[in-house]
Every structure is written in structure tokens, then in C-alpha cells.
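In: kindly return the folded structure for what I paste below:
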Amino acid sequence: MNQTTEPIKGTKEALDGTAGSDQPKYRLIFDRLRDEILSGKYPPGGRLPSENNLVRRFGVSRMTIVKAIKELQLLGFVSRRAGSGTYVTPKVTEPSRLFGLLIPELGRTEIFEPICQGMTGFPLAGNHSLLWGSSASRDRPKEDLAVELCEQYISQRVSGVFFAPLELLPSKDEVNQRITTALNLAHIPVVLLDRDYVLYPARSQFDLVGIDNRRAAFGAVEHLIKVGARKVAFLGKRLSAPTVDARIAGYREALLAHKFRSDENFVLRCDPEDEQQIRQFYDKVRPDAFLCANDHTAANLMHSLIRLGISIPGEVRVVGIDDVKYASLLPIPLTTQHQPCSDIGRIAMSAMLDRLAYPDLPARDISLSCTLVVRKSCGANAG
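Out: Next up, the predicted model:
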């Protein structure tokens with residue numbers, strides 16, 4: 001196989017930061033190698049160029065190349081053989097499997113569709129099928145639909161279920177426990193998406209793939225402090241998933257790390273569309289910034305603040321977590337932490353296949369990093 005050692009046109013500029021990319025260098029290299037694998041430049045079973053050749057090709061350090069290859073390996077694109085090199089994962093010949101998607105928020109929350117698309121894009125997923133369930137009865141309670149889907153998957157004897165536990169419902173804990181107990185009794189492996197269903201520090205028995213919620217919140221608060229915020233509040237809805245508790249923990253850790261005051265009075269749990277509660281909280285605490293539990297909460301808070309005559313970002317800066325499609329289209333474009341949804345999906349599929357191959361593995365938390373996307377709502381120069 002011929003291996004080029006010259007930088008690809010345009011690559012060096014992007015890695016040096018002159019092409020306007022905010023991605024880290026290893027991620028740019030990962031993207032390029034992944035695209036070349038998918039295009040067939042490096043066929044299944046073929047060997048990638050050596051690390052030394054990739055160092056010369058991209059003009060970066062060996063550690064950057066190693067990090068990019070580890071990412072490819074984690075997502076199932078390549079495997080490494082000691083003393084031999086790195087090889088593209090061969091096409092699987094194992095029997096096809098049927099997996100169920102038990103995601104009550106599918107079609108209602110933006111992050112889950114790209115997560116599911118990431119599953120189907122995983123290199124080893126081509127021989128398997130996903131059941132997306134039915135969305136025809138959107139008027140029925142989500143908990144009823146979730147239990148019904150669970151029963152369907154058990155009767156169809158699916159090979160595994162990807163489950164995003166219910167939240168924002170008084171009955172969520174009971175229903176989540178009912179679903180997972182039923183799947184466990186049916187000996188159907190479960191991989192949790194985005195969230196667990198038990199409160200920290202407790203831990204369920206299932207693999208979990210999502211973002212590093214504490215670090216995402218920590219980074220968002222740290223950014224707000226750097227751009228001038230001095231009294232940062234946190235807003236989340238009641239009955240939220242444990243991910244929100246983790247984000248509150250990261251929020252408080254960031255305030256403490258920067259020697260800012262942090263107490264319960266700065267955390268508000270309410271409907272962001274409740275203008276009366278928002279006004280009362282604002283008048284009492286006088287925050288100059290909000291970190292919101294997610295973009296949906298941030299968007300509704302933004303509309304409430306505008307109706308209350310509170311300017312963004314002049315009087316209050318607002319930051320979210322998710323980077324959903326409409327984040328850049330809000331009245332004031334939203335600064336937010338970008339979730340790598342497609343990667344979450346690919347790694348979730350990898351975790352499921354690992355679980356089937358090695359059922360005795362201990363339960364794993366696989367947490368991905370977010371990337372801060374700076375827009376006008378935080379008051380920084382978004383370029």
C-alpha cells in the first residue's frame with residue numbers, strides 16, 4: 001500500500017488554527033482518517049500508515065496522532081496489533097441482531113435523533129437492525145408508551161435495548177425501575193443513553209454512555225466568569241434526570257475553584273416559562289448570569305427574561321448545554337456546550353456489542369467531553 005507523507009491540502013492550515021476551526025488537532029486528524037476509512041481509501045483489514053508517517057503527513061506531535069488513533073479504536077474503526085500496526089476493522093460476519101430503542105423523548109428532544117443516527121453509522125452496526133418503536137400515539141402518556149414498548153421488545157426477544165430513562169414526571173422512578181427490572185428478568189442487555197435513573201452516588205447495574213456533565217457545567221461557569229460574570233445562578237426544572245444534579249455539582253465546583261460564593265439560594269428549580277418565579281428570583285438574588293440545565297430551559301428562560309424587560313446579555317448572561325439546532329436561531333444566539341451526539345450513538349453501539357461479547361464486564365460509565373460554542377448570549381465576542 002502506498003502511503004503519502006505530505007500534508008493534505010488545507011489540513012496543516014486547519015491544525016495551525018488559521019482555517020477558523022475550533023476543534024482540537026487530534027479531532028481534525030480523526031475526522032480525516034475516519035472519512036478516508038469510510039470512503040474505502042483504507043479498506044477493511046487494511047493497514048493504516050505508521051504513526052511516524054502520520055506525524056509527517058499532518059505536521060503534528062506523535063501524541064496527537066496517538067490520541068486520534070485511540071479515538072478511532074474506541075469507535076470501532078480500527079484495531080491495534082502489538083508489533084504490527086493499526087488495521088481497519090474488517091467487516092463482521094456474525095449473525096445479525098435486532099436492538100430496541102426505548103427513548104420516550106425521541107422526536108421531542110433534539111439530542112436523541114443524532115444519537116440514534118450515530119448508532120447506525122457505527123462500522124460494526126451494518127449487520128444489525130434497530131427498532132425505533134412507534135411515535136403514532138404522541139397524545140398518550142410517555143410512561144404508558146415506554147412500558148408498552150418494553151413489553152413489545154421482550155416479546156420480540158430483541159438482543160438488547162438502548163434506554164433513555166424517563167424524567168420530568170412524578171412517576172418516573174417507579175416506571176424506570178419497572179422497565180429495567182422487566183428487561184433484566186428477560187436477560188436482555190441494556191445500555192443507558194445520556195442518563196442513569198438512580199441518584200448519585202448510587203449506580204444502576206447497566207452501562208451508561210453520555211457526556212461528562214460535571215465538566216461540561218464547570219467549563220460553562222468558568223467561561224462566564226472569564227467574560228465578567230460575578231454572580232452566576234443555575235436554573236433547572238423539577239423532577240429532572242440525575243444528569244442535572246451532576247451539572248449542579250460541576251457548577252458549584254467551578255464557583256468554589258474561582259473563590260466565588262455558592263449556596264442553595266443560587267440554584268433555582270422551576271419552570272423557566274413561569275415569569276413570576278423568574279422575576280421573584282431575579283429581584284432577590286440579582287444574578288448577572290444563568291447556567292441552564294439544557295438548551296430548552298435556556299431558550300424558555302431567554303423568552304421570559306425578554307418579556308420581563310431584562311436585557312440579554314446586558315443585564316443577564318445566559319448559557320446552556322446541548323447545542324441543539326435552534327440554539328443559534330434564538331432571539332439572542334445561545335452560548336452552549338456542544339454534545340457530541342453522533343459519537344455518543346457510535347460508542348453506545350460499541351458498548352452494547354461489548355456487553356454481548358463479554359457479559360461479565362462490570363458496569364461502565366463512558367463519558368464524552370463537550371465543546372463550548374460561544375455566541376452572543378454570554379456577552380463575549382463570538383467572532
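In: show me where the stretch 51-200 of the chain has its helices.
Out: 51-58, 62-74, 112-121, 142-155, 172-185 (DSSP state H, counting those that start in this stretch).
In: mind listing what's buried in the helix or strand that contains residue 320?
Out: Using DSSP states H and E, residue 320 sits within strand 317-322. For strand 317-322, burial by neighbour count (16 or more other CB atoms under 10 Å) applies to 317-322. Quick note: C-beta positions are derived from backbone N, CA and C, even for glycine.
In: swap in stretch 41-60?
Out: For stretch 41-60, by 16+ other CB under 10 Å, it's 42, 48-49, 51, 54-58, 60.
In: and for stretch 244-256?
Out: In stretch 244-256, counting by 16+ other CB under 10 Å, buried: 244-248, 250-255.
In: over to stretch 224-232?
Out: Per 16+ other CB under 10 Å, stretch 224-232 contains these buried residues: 224-225, 227, 229, 232.
In: ok, so of the buried residues of stretch 244-256, who is nearest residue 291?
Out: Nearest to residue 291 out of these is residue 251 (CB to CB; 5.6 Å).
In: which neighbouring elements make contact with whichever strand or helix holds that closest one?
Out: Under the criterion of DSSP H and E, residue 251 resides in helix 242-257. Under the contact definition 3 or more CB pairs under 8 Å, 6 or more residues apart in numbering; DSSP states H and E, helix 242-257 sits against helix 213-226, strand 232-236.
In: so for the longest one, what's the average pLDDT?
Out: It refers to helix 213-226. Averaging pLDDT along helix 213-226 gives 98.
In: what of stretch 127-142?
Out: 72.
In: with stretch 25-39 instead?
Out: 88.
In: name the residues of it that are buried.
Out: Quick answer for stretch 25-39 (16+ other CB under 10 Å): 25-30, 32-34, 37.
In: ok, so of those, who is nearest residue 149?
Out: The closest of the buried residues of stretch 25-39, once distances to residue 149 are taken by CB to CB, is residue 34, at 32.4 Å.
In: could you confirm that closest one falls within a helix?
Out: Yes: assessed with DSSP: H, G, I helix; E, B strand; the rest coil, residue 34 lies in a helix.
In: could you dump the buried residues of stretch 244-256 into a markdown table with pLDDT and distance to residue 236 added?
Out: A markdown table is the format used below for these (pLDDT from 0 to 100; distance: CB to CB, whole Å):
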| residue | pLDDT | distance to residue 236 |
| --- | --- | --- |
| 244 | 96 | 5 |
| 245 | 95 | 9 |
| 246 | 96 | 11 |
| 247 | 97 | 7 |
| 248 | 96 | 7 |
| 250 | 96 | 12 |
| 251 | 97 | 10 |
| 252 | 96 | 13 |
| 253 | 96 | 16 |
| 254 | 96 | 16 |
| 255 | 96 | 16 |
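In: in CSV: these, plus distance to residue 177.
Out: Below are the buried residues of stretch 244-256 laid out as CSV (distance: CB to CB, whole Å):
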residue, distance to residue 177
244, 19
245, 18
246, 20
247, 23
248, 23
250, 27
251, 28
252, 28
253, 30
254, 33
255, 34
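In: appreciated, that's everything.
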